Structures are given as C-alpha cells and as structure tokens.
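>>> I'd like to go over a predicted model; first the sequence, then the structure.
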Amino acid sequence: GLGFRQCDPESGAPLADKERVDMWKASAKPSGDGYGFTNFVHERLNSHNGTSKILPSDSRLRSDRAALQEGNSVEAQKYKTMLEEMQRAEKQKRTDAGESWSPKYFELAPDEKVFEGEYSTEECPFWKFKCRPEAEELIELRPDFLKNGKDLFCPWQYPDLHK
C-alpha cells in the first residue's frame with residue numbers, strides 16, 4: 001500500500017509518535033476476468049450511476065471494448081476490425097477532400113512548463129483543452145450501454161459515411 005506518516009517540519013524525519021496513514025491499498029484482482037481489468041476499472045471507470053452524460057466518442061461505448069468486458073474476444077476482434085476499417089474510410093475521405101484532422105477539444109501545448117524529472121514536451125507532448133463540449137453534444141449513458149453502445153458510439157468527422 002501507499003501511505004504517509006507526519007514528519008518533523010525541520011528535519012523531515014518521520015515522527016515516531018504519529019501513526020502511518022494509508023492512502024491506498026492494492027486489492028485482489030477480480031475473479032473471472034481473463035483480461036486483467038482491475039477493480040478500479042470495473043467499479044469506477046465502467047460504472048453507471050444513471051446520471052452520467054458523456055460524449056458519443058467515449059470509449060466505453062465501443063463495441064470491441066464491451067465484448068472484451070463480457071469475455072468475448074472473438075466478437076471483440078470482429079468489432080475492432082470494423083472500427084479500423086471505418087477509421088481508414090474516414091482518413092481516405094479527408095485525404096480525397098484535401099482536409100486535415102485535428103482533435104476537436106484539445107490542442108498541443110508545446111511551450112508548457114515542465115519540472116525537473118518530468119518528460120520534456122518533445123518526449124511526451126502536452127495537450128490542453130481548446131474548448132469544452134457543449135451540453136447538447138453530450139448523451140445519456142444508459143444502464144444498458146454495454147449492450148447498446150454501438151448504437152451510440154460516434155467519434156466520426158463524417159458520421160454519414162458510416163450509416
């Protein structure tokens with residue numbers, strides 16, 4: 001686990017009369033998960049509280065990911081191949097139209113300050129928000145999103161290309 005003990009402000013040495021406080025403890029891996037997803041993934045990232053609004057490009061809606069979560073690697077591979085073909089079709093359409101792609105909500109920030117010991121912006125590019133999504137761009141994350149995500153997932157620049 002990860003924890004701390006209050007230290008002497010002058011020497012930095014841990015104070016013997018202070019108890020260690022645990023900030024985090026590793027939990028056992030979930031049983032029956034052949035893909036190594038942690039409890040955090042199962043309980044937090046993939047949880048649904050009935051009030052979540054997300055972008056239609058959220059990866060939780062991807063059919064290949066849903067199939068993996070349900071333990072169906074054959075279906076996951078089929079969906080992943082379809083997704084890659086759709087990405088290629090988008091790129092071809094952009095190329096044919098002489099258009100370029102850039103992230104809708106983020107932009108590179110090459111001049112961000114980095115601190116000693118951190119990767120440089122050349123080694124690990126830094127991104128920042130250029131705009132936040134508008135409320136009407138968000139969709140309701142339905143309780144059945146694992147089963148119906150493919151109907152909602154839409155990261156496309158040309159959505160009509162994929163109907």
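Ah, there it is.
>>> The lowest-mean-pLDDT helix or strand in the chain: how far from the chain's middle?
The helix or strand of the chain with the lowest confidence, counting by mean pLDDT, DSSP states H and E, is helix 145-152 at a mean of 75. Averaging C-alpha positions (Cα atoms, centre = their mean, to the nearest Å) puts helix 145-152 17 Å from its chain's average.
>>> Return the list of helices and strands in contact with that helix.
Judged by 3 or more Cβ pairs under 8 Å, 6 or more residues apart in numbering; DSSP states H and E, helix 145-152 is in contact with helix 63-69. For every residue, glycine as well, the C-beta is placed using N, CA and C.
>>> what's the least confident helix or strand of the chain in contact with?
48, 56, 60-63, 65-66, 69-70, 79, 139, 142 (Cβ atoms under 8 Å, 6 or more residues apart in numbering).
>>> try stretch 101-115
Stretch 101-115 has contacts (Cβ under 8 Å, 6+ apart) with 91, 94, 120-121, 125-133, 157.
>>> cool, stretch 32-49 as well?
Contact with stretch 32-49 is made by 27, 29, 30, 60, 68, 69, 71, 141, 142, 143, 145, as judged by Cβ under 8 Å, 6+ apart.
>>> what's the closest of the residues you listed to residue 85?
The shortest gap between residue 85 and any of those belongs to residue 68, at 18.6 Å (Cβ to Cβ).
>>> how near is the closest one to residue 55?
21 Å (Cβ to Cβ, to the nearest Å).
>>> Compare the two (neighbour count), which wins?
Per other Cβ atoms under 10 Å, whichever of residue 68 and residue 55 has more neighbours is residue 68, with 19 against 16.
>>> Now do the same contact list for the residue nearest the centre of the chain.
Most central in the chain under Cα atoms, centre = their mean is residue 59, positioned 6.6 Å from the mean C-alpha point. Counting by Cβ under 8 Å, 6+ apart, residue 59 makes contact with residue 65.
>>> Then residue 64?
75, 76, 77, 79, 80, 83.
>>> ranges for the helices of this structure?
With DSSP state H applied, the chain shows helices at 39-40, 63-69, 73-97, 145-152, listed in chain order.
>>> ok, and which of these has the densest surroundings?
helix 63-69 (a mean of 20; mean count of other Cβ atoms under 10 Å).
>>> what mean pLDDT does that one have?
If you average the pLDDT over helix 63-69, you get 85.
>>> Sketch out the low-pLDDT regions of this protein for me.
45-51 (pLDDT under 70).
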